[in-house]
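Participant: for reference, the sequence and a predicted model appear below.
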Amino acid sequence: MSRTPRWTARLTALIAVITGLTVILPPATAGAEPPGIPSDSTALAQLDALTVAEEGPMDGYSRQSFRHWITISGKCDTRETVLKRDGDSVVTGTNCAATEGSWYSPYDGETWTDASDLDIDHVVPLAEAWRSGADSWTASRRQAFANDLSRPQLIPVTNNVNRSKGDEDPSTWQPSVSSYRCTYAKMWIAVKYYWSLTLQSEEKDALEDMLSTCGS
């Protein structure tokens, strides 16, 4: 496991300036944004267009109902594709697994150099999608949702942070890095809008609050 907090690099740079020492800083934090993050105004319009409804039951739900990770190209599956897309200086082996690189986890502000420390988060969790309308989808539509690389649905994050998030929506879970909550809200809204998923009133209230931090 290898972790490089952002403040460590800044402190090292400051000490170098003060003392005149020559230091080699760690690589710049990676954190390429996924595609399809809307503007503030578009996100607000999309939020207003979403249907507010009570959550459906979990009856019949299984993660296996959302087949992932699927092959994207050659030997590369969805997970490895996201790691390569959002990492810095990523090196992969013959099986496409990432062997080197640097990844910034925007939820908690940590940088990792071992891919095993990362999960690929479904921004809108699979179980949340199920409760919001995906229970009536076909298997192929659920697979497309679970491996969506065209919307801001998949990002690499610290594995234990992803697991603590679970299947919660923004009314009960938000990134600990408060400056990222605007972006997180816009990603969540864009995914639900494209996939025609519903949201609860509490969820909408939380998203409106998060959007109010944009530009601050």
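Facilitator: Yes, it's here.

Participant: any stretches of this protein with poor pLDDT?
Facilitator: 1-32 (pLDDT under 70).

Participant: nearest residue to the middle of it?
Facilitator: Ile155 (3.5 Å; CA atoms, centre = their mean).

Participant: is it true that that one touches His122?
Facilitator: No: counting by CB atoms under 8 Å, Ile155 stays clear of His122, with 9.2 Å between them. Any C-beta I mention is one placed from the backbone N, CA and C, and that applies to glycine too.

Participant: against Trp103, how distant is Arg67?
Facilitator: Distance from Arg67 to Trp103, counting by CB to CB, to the nearest Å: 25 Å.

Participant: these two: which is more packed in?
Facilitator: In terms of neighbours (other CB atoms under 10 Å), Trp103 is the more surrounded of Arg67 and Trp103; the figures are 27 against 14.

Participant: direction included, what does the strand or helix carrying that one pair against?
Facilitator: Using DSSP states H and E, Trp103 falls within strand 98-105. Pairing partners of strand 98-105, with direction, according to DSSP bridges: strand 88-92 (antiparallel), strand 110-112 (antiparallel).

Participant: among those strands, which comes closest to Phe145?
Facilitator: Among the strands paired with strand 98-105, the nearest to Phe145 by CB to CB is strand 88-92 (25.2 Å).

Participant: chain center to that closest one, what's the gap?
Facilitator: In terms of CA atoms, centre = their mean, to the nearest Å, the centre of strand 88-92 is found 19 Å from the chain centre.

Participant: got the buried residues for that strand?
Facilitator: Buried residues in strand 88-92, counted by 16 or more other CB atoms under 10 Å: Asp88, Val90, Thr92.

Participant: and for Thr99, the neighbour number?
Facilitator: Thr99 has 12 neighbours, counted by other CB under 10 Å.

Participant: spit out the contact partners of it.
Facilitator: For Thr99, the contacting residues are Val91, Thr92, Gly93, Ala115, by CB atoms under 8 Å, 6 or more residues apart in numbering.

Participant: Cys214 too?
Facilitator: Per CB under 8 Å, 6+ apart, neighbours of Cys214: Asp40, Cys182, Lys186.

Participant: now with 10 Å?
Facilitator: Residues in contact with Cys214 (CB atoms under 10 Å, 6 or more residues apart in numbering) are Ser39, Asp40, Ser41, Ala43, Leu44, Arg181, Cys182, Thr183, Ala185, Lys186.

Participant: what do Ile155 and His122 both touch?
Facilitator: Here Ile155 and His122 share the contacting residues Asn162, scored by CB under 10 Å, 6+ apart.

Participant: still on that earlier bit, CA atoms only: put the strand holding Trp103 into PDB for me.
Facilitator: Provided in PDB are the C-alpha atoms of strand 98-105 (Å, rounded to 0.1, in the frame of the first residue of the first chain):
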ATOM      1  CA  ALA A  98      -2.100  -1.700 -13.900                       C
ATOM      2  CA  THR A  99       1.300  -2.400 -12.500                       C
ATOM      3  CA  GLU A 100       2.400   1.200 -12.000                       C
ATOM      4  CA  GLY A 101       0.800   4.600 -11.800                       C
ATOM      5  CA  SER A 102      -0.700   7.200  -9.600                       C
ATOM      6  CA  TRP A 103      -4.300   7.800  -8.800                       C
ATOM      7  CA  TYR A 104      -6.000  10.600  -6.900                       C
ATOM      8  CA  SER A 105      -9.200   9.700  -4.900                       C
END
